[in-house]
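>>> Sharing a model that was predicted from the sequence below.
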Amino acid sequence: MRLLIVDDHAQMRRTIRSIVADDADEVREVEDGDEAVEAFEAFRPDWTIMDLRMPRVGGLEATRRILRRDPAAQVVIVTENDEPQLKGSAEDAGAVAFVTKDRLLDLHRLLGRRRAAS
């Protein structure tokens, strides 16, 4: 499985990488939404794990851009805020899941279930 991790904080990218390491054959990391769209095009990941709030281009806009290019893209939004409005916005943007940063271990379970189903 190929994963793209998008977060503006290097430590958070490392944390996510360590959680999903057993699920991934290859992982790439970028810092913002603009880079995410470019990396998606070049890398074609099976999954993109996308921070919601980032400078320049945020996760929702980057998710929309990625899905315009590839409607089958699998994007998981990660954020610190567990607000129903944000979950709805992530769903509207096309994200397949929404995970709060205090529950990052859910990523391992989510990706593991999806991998087993494919």
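Structure's in. What do you need? Bear in mind that the values here come from a model prediction, so they are computed numbers and not experimental data. Numbering: from 1, shown residues only.

>>> residue ranges for the strands of this protein, please.
Secondary structure of the chain (DSSP state E): strands at 2-6, 26-30, 47-51, 75-79, 97-100.

>>> so what's the residue at minimal distance from the centre of the chain scoring on pLDDT?
In the chain, the residue lying closest to the centroid (CA atoms, centre = their mean) is residue 49, at 1.5 Å. Note on residue 49: pLDDT of 97.

>>> thinking it is in contact with residue 17, fair?
No. Between residue 49 and residue 17 there is no contact, the gap being 9.4 Å when judged by CB atoms under 8 Å. Just so you know, the C-beta spots here come from the backbone N, C-alpha and C atoms, and that holds for glycine as well.

>>> For residue 101, give me its contacts.
By CB atoms under 8 Å, 6 or more residues apart in numbering, residue 101 lies in contact with 12, 78, 79, 80.

>>> Restricted to buried residues, select those in PyMOL.
One line in PyMOL is enough to select the buried ones among the contacts of residue 101; burial here means 16 or more other CB atoms under 10 Å:
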select buried, resi 12+78+79
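
>>> can you redo the contacts of residue 101 as JSON lines with distance to residue 71 and pLDDT?
Output for the contacts of residue 101, formatted as JSON lines (distance: CB to CB, whole Å; pLDDT from 0 to 100):
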{"residue": "12", "distance to residue 71": "28", "pLDDT": "96"}
{"residue": "78", "distance to residue 71": "21", "pLDDT": "96"}
{"residue": "79", "distance to residue 71": "23", "pLDDT": "92"}
{"residue": "80", "distance to residue 71": "28", "pLDDT": "91"}
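
>>> so where's the protein shaky on pLDDT?
113-118 (pLDDT under 70).

>>> Which parts of it are helices?
Under the criterion DSSP state H, the chain carries helices at the ranges 10-20, 33-43, 59-69, 84-93, 105-117.

>>> Can you spell out which helices and strands pack onto the third one?
So that's helix 59-69. The elements that helix 59-69 packs onto, with contact taken as 3 or more CB pairs under 8 Å, 6 or more residues apart in numbering; DSSP states H and E, are helix 33-43, strand 47-51, strand 75-79, helix 84-93.
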